[in-house]
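Trainee: just coords:
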């Protein structure tokens, strides 16, 4: 899990996130939940392009799909960073 997430978060961010998880849930339960969620989403293409109408999706070229997916990846990364920093800020108070 850390190997996957270190491409998304800095090691310090991971340390804080893992400490938060340990403080709020057992490591095994958290890991199991992460793996279940990951496997479900990885096997399910419905999460892709959820903001686009079906017709828009069908009209997209391969290049447009790549650009859109890259943008979505960035937006999800940004959302994850913001959520983690809310936790960090709350723990510093």
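Mentor: Yes, it's here. Because the structure is a prediction, the values reported are computed rather than measured. Residues are numbered from 1 along each chain as shown.
Trainee: going forward, measure contacts and count neighbours with C-alpha atoms only.
Mentor: Fine.
Trainee: Residue 22 versus residue 67, what's the distance?
Mentor: Distance, residue 67 to residue 22, using C-alpha to C-alpha, to the nearest Å: 37 Å.
Trainee: Where does pLDDT dip in the chain?
Mentor: Low-confidence segments of the chain, defined by pLDDT under 70: 1, 44-55.
Trainee: all strands of it, in order?
Mentor: Counting by DSSP state E, the chain yields no residue ranges for strands.
Trainee: Please enumerate the helices of it.
Mentor: With helices called from DSSP state H, the chain shows them at 2-5, 11-24, 27-42, 54-59, 62-92.
Trainee: possible to save these as JSON lines with mean neighbour count?
Mentor: As requested, the helices of the chain are exported to JSON lines (neighbours: other C-alpha atoms under 10 Å):
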{"stretch": "helix 2-5", "mean neighbour count": "10"}
{"stretch": "helix 11-24", "mean neighbour count": "14"}
{"stretch": "helix 27-42", "mean neighbour count": "12"}
{"stretch": "helix 54-59", "mean neighbour count": "10"}
{"stretch": "helix 62-92", "mean neighbour count": "12"}
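Trainee: which one is residue 9 nearest to, not counting chain neighbours?
Mentor: residue 81 (7.5 Å; C-alpha to C-alpha, 6 or more residues apart in numbering).
Trainee: is it true that the one you found touches residue 10?
Mentor: No - between residue 81 and residue 10 there is no contact under C-alpha atoms under 8 Å: 10.0 Å.
Trainee: Report the separation between the residue nearest to residue 9 and residue 75.
Mentor: Distance from residue 81 to residue 75, by C-alpha to C-alpha: 10 Å.
Trainee: Next: residue 10.
Mentor: Distance from residue 10 to residue 75, by C-alpha to C-alpha: 17 Å.
Trainee: Touching stretch 8-26 from outside, list them.
Mentor: Stretch 8-26 is contacted from outside by 2, 5-6, 27, 30, 77, 81, 84, 87-88, using C-alpha atoms under 8 Å, 6 or more residues apart in numbering.
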